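>>> My questions are about this predicted structure, shown below with the sequence.
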Amino acid sequence: MNTSLKNSLANQGNDHAGHTREFELKTGIPWHQTVPHGYLGGRRLSVILPAHNVAYCLPDVLDALDAQTYGRQFEVIVVDDASTDTTAKIIATHPVVTTGIRLPARHGAATARNLGTFVAQGETVLYVDADMALPPHTVADLAARATDHAVLTGFRHNLPHRAAWPATGPELAADHRVTWRPPAHTRLLYSGITLHEPVDGRPLEHTRDFRDLGYGRTYYDWDLPRMVVTALLAAPRAAVVDIGGFDAEFGRIGWGMEDTYLGACLIAAGLLVIPLRQAVGFHLDPPDAAEQWQHKLRGWVGTLAHYRALLNAPAPSMRLTAFSASMNTLLHSCEVLR
């Protein structure tokens, strides 16, 4: 009898000290230090961006990818999720885009990422939000450390629409996984707990770079799958397709949790979740950020319920054939932009 995903998570640790030490001994580069300009090591990498009505920021995001200092070539795959603005035109004309695909109807970010993963040629897929502008060293830092056994997570610094970019670059402390100030006397949606006094939360620091979240352990409202955020995330392509990619049902229900579920499945498959403190990007808010956030939160209740149900199902594996067949059918209905 197949064990449940929840039980599989309880049996997997996250002590990645040996993994990071091996990289440091091999390269002479500390884990949380940027690699040299023009670094040539690392794995073949495919950057995948799901895009929907992001014309306000997509040129900046693609320009930032064009300015990366990684010495090896990498492909940039952008999947337009049936945008109604000029997103498709930007994808078709920007020189850094190697593959541009347009879905015939809105499917959601999970399906867009799946399609990008299907056509990717790299050993590692780097998921980047289409509103996430990366500093020049970021792709090299992730590619240098990518392996078949690790999920590498970066961080984000949200910027209000059209705000000036700080000259010092994005700040690690701006991410909620680093600095967390939860409300007191309010039921937290993810865990269901209520905190009766203010908490000066430091999830990254207090869990020793997420190592103490193995075996299903938690830090207040956080667990290891919740640390997996596809705003900036690198994973071995073979592992992603083996579990069947992202569950597209999340996008049909509402917003969020598809990356948490992806993380849970990859952890259950034995992968480690390892943060890179130097991998921080600017997350560029849309003009209507407040309205969009309220809309997302309304849908999160449904996606969280779907996630909880999936935790009681068997951990997915050996889904490559079904994944490929589904994506191949979808691809034939798409418009090739580039």
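Right, received. Where do you want to start?

>>> any weak-confidence spans in this protein?
For the chain, residues meeting the criterion pLDDT under 70 lie at 1.

>>> list the buried ones in the lengthiest helix in it?
Counting by DSSP state H, the longest helix found in the chain is helix 289-311. Within helix 289-311, the residues that count as buried by 16 or more other CB atoms under 10 Å are Gly299, Trp300, Gly302, Thr303, Leu304, His306, Tyr307, Leu310, Leu311. The C-beta positions use only the backbone N, C-alpha and C, and glycine is treated the same way.

>>> what's the most distant pair in the residues you listed?
Gly299 and Leu311 (19.1 Å; CB to CB).

>>> which is the next helix or strand following the longest helix of the chain?
With elements assigned by DSSP states H and E, the helix or strand that comes after helix 289-311 is helix 320-331.

>>> Residues in contact with that next one: which ones?
Ile101, Leu103, Thr111, Asn114, Leu115, Thr117, Phe118, Val119, Val241, Asp242, Gly244, Gly245 (CB atoms under 8 Å, 6 or more residues apart in numbering).

>>> Save the residues you listed as JSON lines, and put in distance to His176 and secondary structure too.
JSON lines is the format used below for these (distance: CB to CB, whole Å; DSSP: H, G, I helix; E, B strand; the rest coil):
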{"residue": "Ile101", "distance to His176": "32", "secondary structure": "strand"}
{"residue": "Leu103", "distance to His176": "30", "secondary structure": "coil"}
{"residue": "Thr111", "distance to His176": "26", "secondary structure": "helix"}
{"residue": "Asn114", "distance to His176": "26", "secondary structure": "helix"}
{"residue": "Leu115", "distance to His176": "29", "secondary structure": "helix"}
{"residue": "Thr117", "distance to His176": "26", "secondary structure": "helix"}
{"residue": "Phe118", "distance to His176": "31", "secondary structure": "helix"}
{"residue": "Val119", "distance to His176": "32", "secondary structure": "helix"}
{"residue": "Val241", "distance to His176": "30", "secondary structure": "helix"}
{"residue": "Asp242", "distance to His176": "30", "secondary structure": "helix"}
{"residue": "Gly244", "distance to His176": "28", "secondary structure": "coil"}
{"residue": "Gly245", "distance to His176": "26", "secondary structure": "coil"}
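
>>> Looking at the residues you listed, which is nearest Ile48?
Checking these one by one against Ile48 (CB to CB), the nearest turns out to be Thr117, at 6.4 Å.

>>> Okay, the closest one and Glu291: tell me how far apart.
30 Å (CB to CB, to the nearest Å).

>>> Then Arg162?
16 Å.

>>> now do Tyr220
29 Å.

>>> what does Arg187 give?
Shown here: Arg187 relative to Glu291, a distance of 24 Å by CB to CB.

>>> For His37, grab the count of nearby residues.
11 (other CB atoms under 10 Å).

>>> can you check the one 5 residues further on too?
With neighbours defined by other CB under 10 Å, the count for Gly42 comes to 23.

>>> Now the spatially closest residue to it that is not a sequence neighbour: which helix or strand?
Nearest residue to Gly42, sequence neighbours excluded (CB to CB, 6 or more residues apart in numbering): Ala143, at 3.6 Å. Assigned by DSSP H and E, Ala143 belongs to helix 138-145.

>>> can you pull the buried residues of that helix?
Result for helix 138-145 [16+ other CB under 10 Å]: buried residues Thr138, Val139, Ala140, Asp141, Leu142, Ala143, Ala144, Arg145.
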